[in-house]
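Undergrad: Next input, structure requested:
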Amino acid sequence: MTRLPFLIGLIALGLAAALAGEARAQDSKAVVHPPGVVGELGQTDPDALIASQLWLAELYEREGLIDEAIQTYEAALLSILQFRGQGHVSMADPMVRVARLTRDPGTRVRWLEAALRIRQVTWEAGDGRLTALRMELARARQS
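TA: This next block holds a predicted model:
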């Protein structure tokens, strides 16, 4: 029971991050000033914002809070998109994590395909990790 206040605080931070990411994604030209720590990080240190979102998503994943983990990974992906650009190499790992967590086979395939497109540019053709990702995608297509 002592973890409950901690988890509630983390959930609030995750929701704020998701809302901030959604608002930025809707109009990338508008300057969004969400209140609190998330807004401050987005304005002063986008890399810290992204790192905290990824950390929170991993925490949710470890705690078995799958829906929250997916939402927080998606918020991190929106932040990466806004601050680093579409197809940035740092998007691939969260995409694979979301693919592995999602229950819908079609959604899993789309996330893995997107991650593979990024990885094909950043990893050598013979890299074993690339082969493993291709195999995972092939298995996902068969399900």
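Undergrad: Leu137 and Leu116 touch, don't they?
TA: Yes - at 5.9 Å, Leu137 counts as touching Leu116 under the criterion of C-beta atoms under 8 Å. For glycine as for every other residue, the C-beta is placed from the backbone atoms N, C-alpha and C.
Undergrad: what residue ranges in this structure score low on pLDDT?
TA: 1-43 (pLDDT under 70).
Undergrad: ok, now with 50
TA: Counting by pLDDT under 50, the chain contains low-confidence ranges at 1-2, 4-5, 7, 10, 18-35.
Undergrad: mind listing the helices for the chain?
TA: Remark: helices of the chain, listed N- to C-terminal, are 3-26, 36-44, 46-62, 66-84, 92-101, 105-122, 128-142; assignment by DSSP state H.
Undergrad: Can you tell me how far the closest residue to Arg129 other than its chain neighbours is from Arg117?
TA: With sequence-adjacent residues excluded and distances taken as C-beta to C-beta, 6 or more residues apart in numbering, Arg129 is closest to Trp123, at 6.1 Å. From Trp123 across to Arg117, the span is 12 Å (C-beta to C-beta, to the nearest Å).
Undergrad: and the two? which has more neighbours close in?
TA: Using other C-beta atoms under 10 Å as the criterion, Trp123 and Arg117 rank with Trp123 on top: 17 against 13.
Undergrad: Would you report the backbone torsion angles of the more buried one?
TA: Dihedral angles phi and psi of Trp123 (degrees, to the nearest 10) take the values phi -110, psi 150.
Undergrad: surely it meets Ala132?
TA: No - because the distance of 10.5 Å does not satisfy C-beta under 8 Å, Trp123 is recorded as not touching Ala132.
Undergrad: what sits against Glu124?
TA: Contacts of Glu124 were listed using C-beta atoms under 8 Å, 6 or more residues apart in numbering, and they are Leu130.
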